[in-house]
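**Q** Coordinates for the following, if possible.
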Amino acid sequence: MLFTRSYKLRWSLCVLLALSPLVSADTKSHLNIDNPIVLQRADPWIYKDPTTGCYQFIATSPLFDEIEIRSACRLNDLKLAEAKVIWQKHTKGAMGAHIWAPELHHFNDSWYIYFAAGDVEEPWRIRMYVLANNNADPKQGKWEELGQIKTPVDSFSLDATTFAHKGKRYLIWAQMDVPRTYNSALLMAKMDSPASITGPVITLTEPTLEWEVQGYKVNEGAAVLIRHGKVFITYSAAATDHRYAMGLLWADADSDLMDQASWHKSEQPVLSTQAELGRFGPGHNSFTLAEDGITDLLIYHSRDYLELQGSPLSDPNRHARARPIYWDAQGFPVFFNEQGD
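**A** Numbers count the residues shown, from 1 in each chain. Purely as a prediction, here's the structure:
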């Protein structure tokens, strides 16, 4: 893993960057995003319909007991949209506790939800599972349980995400190593079905940097954005309190993505707590497009206060937020860490 770029940028430096014409300096006011876009929903994921332009929103419910979807054609209307519960946890056995981080994907003419869950009898036996639905509307029809995504090592695993590139589909997920030297690293493999992987597994990143091991040694919550000849992966690290922060990996789009040497890693977080902005513990993001169909948006959660109401898991006030992504002259995303939403 190469550490070849620092993202510890100050606002005074950021304003000097040559911004891509995709996003101009006045885009933020043009977008008029009303944050938070949804209250009390962590690990937010948005799918934007390429035909209608409407949004499907899915996230972790505060009680960790069900999966719901809400829809709106305006980002600001998601908070007003009715949430439709499409699946509930089991009362015994697997998929019965800690229903975390659902993601909604559409490929092969079907909808798929990837999520993590524990067992009723062993709540911390967290593994990855898949649901499928071939109805045109993901809030309708029947969601079928495709079962657990099996990995070569059977250990704590979560936050599965999938993406396709150059005709191949990949799965990225977070998993504990066998000797338990860390809570989770990010791994990747090719997929041979919507619920299974094939071939070798590579490690994209392990929590080794100082900011990644605050409270817990964690790399998790990957999201993929392919732009400007590069494959970017954001991820989150550390404990899920104010120390939670986002990192960045990237590889050239024409490189062998299953070669570890293709991947590079930022030494500094790209988005982190900024108390003066009322942003604490930002992370576990996804990407979508703004209503203009052009501007890339970062969708993430954060709290607006430091002192937790209970523990990081019991405090429900991780709110979903959105902000535009800027691009520098080299085609890298600029997150403006020291600027508010």
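
**Q** going forward, measure contacts between C-alpha atoms and count neighbours the same way
**A** OK.

**Q** helix or strand for H30, which one?
**A** helix 27-31 (DSSP states H and E).

**Q** Hmm, I typed the wrong one, I wanted M258.
**A** Counting by DSSP H and E, M258 is found in no helix or strand.

**Q** how many other residues sit next to it?
**A** M258 has 17 neighbours, counted by other C-alpha atoms under 10 Å.

**Q** Now tell me what touches the helix or strand harbouring G199 from outside.
**A** Using DSSP H and E, G199 sits in strand 196-205. Outside strand 196-205, the residues within contact range by C-alpha atoms under 8 Å, 6 or more residues apart in numbering are 1, 149-151, 171, 185-192, 219, 258-260, 263, 265.

**Q** low-confidence ranges in the stretch 101-250 of the chain?
**A** Along the stretch 101-250 of the chain, no part satisfies pLDDT under 70.

**Q** ok, back up a step: which strands border the strand holding G199, and is each parallel or antiparallel?
**A** Partner strands for strand 196-205, per DSSP bridges, with pairing direction: strand 185-193 (antiparallel).

**Q** and the strand it pairs with, how far from the chain's centre?
**A** Distance of strand 185-193 from the chain centroid (C-alpha atoms, centre = their mean, to the nearest Å) equals 15 Å.

**Q** Same question for stretch 233-253.
**A** That offset, for stretch 233-253, works out to 9 Å (C-alpha atoms, centre = their mean).

**Q** Any idea how far apart the tips of that stretch sit?
**A** Start-to-end span of stretch 233-253 (C-alpha to C-alpha, to the nearest Å) is 12 Å.

**Q** which element follows the helix holding H30 toward the C-terminus?
**A** Criterion used, DSSP H and E; the element after helix 27-31 is strand 42-48.

**Q** Name the strands paired with that next one and say parallel or antiparallel.
**A** strand 55-60 (antiparallel).

**Q** How about the contacts made by A322?
**A** I33, N35, P36, I37, L297, L298, I299, Y300, D341.

**Q** List the beta-bridge partners for it.
**A** Beta-bridge partners of A322, as defined by DSSP bridges: I299.

**Q** And it, how far from F287?
**A** 9 Å.

**Q** Pull up the overlap in contacts between those two.
**A** In contact with both A322 and F287: L297, L298, I299, using C-alpha under 8 Å, 6+ apart.

**Q** contacting residues around the first one?
**A** Shown here is L297, whose contacts under the criterion C-alpha under 8 Å, 6+ apart are F287, T288, L289, A290, A322, R323, P324, I325.
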